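# Return a 3D structure for these sequence lines:
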Amino acid sequence: MKIRTTTTVAAGSALLLLTLTGCGAADMTKQASPFANAGGTKSVTLSVQSWVGAQSNVAVAQYLLEHELGYHVDTVQVDEVPAWDALSQGRVDAILEDWGHPEQEKRYVDDKKTITDGGGLGVTGHIGWYVPTYLVKQHPDITNWKNLNKYSSLFRTPESGGKGQLMDGSPSYVTNDKALVKNLNLDYQVVFAGSEAAQITQMKQFAKEKKPFLTYWYAPQWLFKKVPMTEVKLPAYKEGCDADTAKITCGYPHTPLKKYLNTDFAKNGGQAAAFLKKFNWTTADQNEVSLLIADKKLTPDQAAEQWVENHKSTWKKWLS
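Predicted coordinates:
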């Protein structure tokens, strides 16, 4: 979910789509698509990360590639960092939502040139700490990190060892939370739910019972429409403040999300490569599809079809 060391975000198994995605490091020798980089075959292989926003990108891209351009689309479920390795090797053709991995970008884009920048997705991502808005109405000053220790007892759970619980999703996500808790001297324990879906299930249950919770979360994300949350203000992010994650004391940046293509595919991928380079939509677009998948229980293909039907003026530009 989602800066640079982690990885998503994971993303949940109460949610239909999210139960299909794994959060551990993928064995790409087993998961590699038989269609990836298949010379002469009109096919595309897309990397699918485990959070629903990224899955929404893939659902719409897959639908249009298949129904408008006549491609076979295969998808591979893989975490963020392994996805870069797979992309470099041609095991997948494209990543449609990357939250910023400068080490991989330098290695594969700048140095090896096996991966090509595919342009912006049109969505800006942000990771932060959030509390439910109903709790803020009771304790308005809880939105400043300096006051969190005063309220740590509110967030204790059986898993947090007598400290307040800071709920994270998957250890594979981009997260600096353990270091932040330590370096800011906070009386909290980071507890991993295991996945985006598991995290959502817990947050919805807490909200149903109007219980306090403090959670790592990110935008864009459809759940904000169902469970209103307010961000806790961490120390302001400044360029380079997260260079040494062991010493980090700042919050997370706002990250323009980007696409990346295998370089051979970017050069020789024809209509599919051209389409994916032009694929660019808004946070509202992504959340609309995510809500259909995760909350309304439509299949990804059904959600994509509904969005495509209602937004022809947007996607027609990607095909020109």
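# And the helix or strand encompassing Gly118, how far out from the chain middle?
In the assignment (DSSP states H and E), Gly118 maps to strand 115-132. From the chain centre to the centre of strand 115-132 is a distance of 7 Å (CA atoms, centre = their mean, to the nearest Å).
# and this protein, what are its domains?
Here the domain parsing of the chain from automatic domain parsing is 18-125+255-319, 126-253.
# Which residue, other than its chain neighbours, is closest to His139?
The shortest distance from His139 to any non-neighbouring residue, by CB to CB, 6 or more residues apart in numbering, is to Tyr151 (6.4 Å). (Glycine included, C-beta is placed from N, CA and C.)
# For that neighbour, list the residues it contacts.
Listed by CB atoms under 8 Å, 6 or more residues apart in numbering, the contact partners of Tyr151 are 139, 142, 164, 212.
# Can you show me the strands along the stretch 201-320 of the chain?
Using DSSP state E, counting those that start in this stretch, the strands found in the stretch 201-320 of the chain span residues 214-219, 229-232, 254-262.
# hey, which of the ones you listed is tucked in deepest?
Ranked by mean neighbour count under mean count of other CB atoms under 10 Å, the strands of the stretch 201-320 of the chain are led by strand 214-219, which reaches a mean of 24.
# Tell me which of the strands of the stretch 201-320 of the chain lies nearest to Ala59.
strand 254-262 (15.1 Å; CB to CB).
# which strands and helices sit next to the closest one?
Counting by 3 or more CB pairs under 8 Å, 6 or more residues apart in numbering; DSSP states H and E, the packing neighbours recorded for strand 254-262 are helix 80-88, strand 94-98, strand 115-132, helix 270-278.
# is it possible to export the contacts of Tyr151 to a markdown table including pLDDT and distance to Ala54?
Below are the contacts of Tyr151 laid out as a markdown table (pLDDT from 0 to 100; distance: CB to CB, whole Å):
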| residue | pLDDT | distance to Ala54 |
| --- | --- | --- |
| His139 | 98 | 34 |
| Ile142 | 98 | 31 |
| Gly164 | 98 | 30 |
| Pro212 | 98 | 29 |
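# Between those, which sits nearest Asp187?
Ranked by distance to Asp187 (CB to CB), the contacts of Tyr151 are led by Gly164 at 6.0 Å.
# what separates that closest one from Asp141, distance-wise?
Between Gly164 and Asp141 the computed distance is 15 Å (CB to CB, to the nearest Å).
# Tell me which of those two has more neighbours.
Gly164 (23 against 11; other CB atoms under 10 Å).
# Does the more buried one touch Val190 like I think?
No: at 10.3 Å, Gly164 and Val190 do not qualify as touching, with contact defined as CB atoms under 8 Å.
# among the helices and strands packed on strand 254-262, which is the most enclosed?
Of all the helices and strands packed on strand 254-262, strand 94-98 has the most neighbours on average by mean count of other CB under 10 Å, namely a mean of 27.
# Mind giving me the packing neighbours of that one?
Here strand 94-98 touches strand 43-48, helix 52-67, helix 80-88, strand 115-132, strand 254-262, going by 3+ CB pairs under 8 Å, 6+ apart.
# at 7 Å what do you get?
If you count contacts as 3 or more CB pairs under 7 Å, 6 or more residues apart in numbering; DSSP states H and E, strand 94-98 packs onto strand 43-48, helix 52-67, strand 115-132, strand 254-262.
# With respect to Ala197, which of these lies nearest?
Short answer: helix 52-67, nearest of those by CB to CB, at 8.5 Å.
# Just want the angle from the next helix-or-strand element following the closest one to helix 80-88.
Remark: after helix 52-67, the chain's next helix or strand is strand 72-77, criterion DSSP H and E. Relative orientation of strand 72-77 versus helix 80-88 (axes from the mean of the first three to the mean of the last three CA atoms, to 10 degrees): 140 degrees.
# Distance from strand 72-77 to the middle of the chain?
Offset of strand 72-77 from its chain centre (CA atoms, centre = their mean): 18 Å.
# got it, and stretch 173-189?
Centroid separation between stretch 173-189 and its chain, computed with CA atoms, centre = their mean, is 20 Å.
# Would you mark the buried spots in that stretch?
For stretch 173-189, burial by neighbour count (16 or more other CB atoms under 10 Å) applies to 173-181, 183-184, 186-189.
# Repeat that for stretch 94-112.
The neighbour-count check on stretch 94-112 (16+ other CB under 10 Å) flags 94-101, 104-105, 107-109 as buried.
# Thank you, goodbye.
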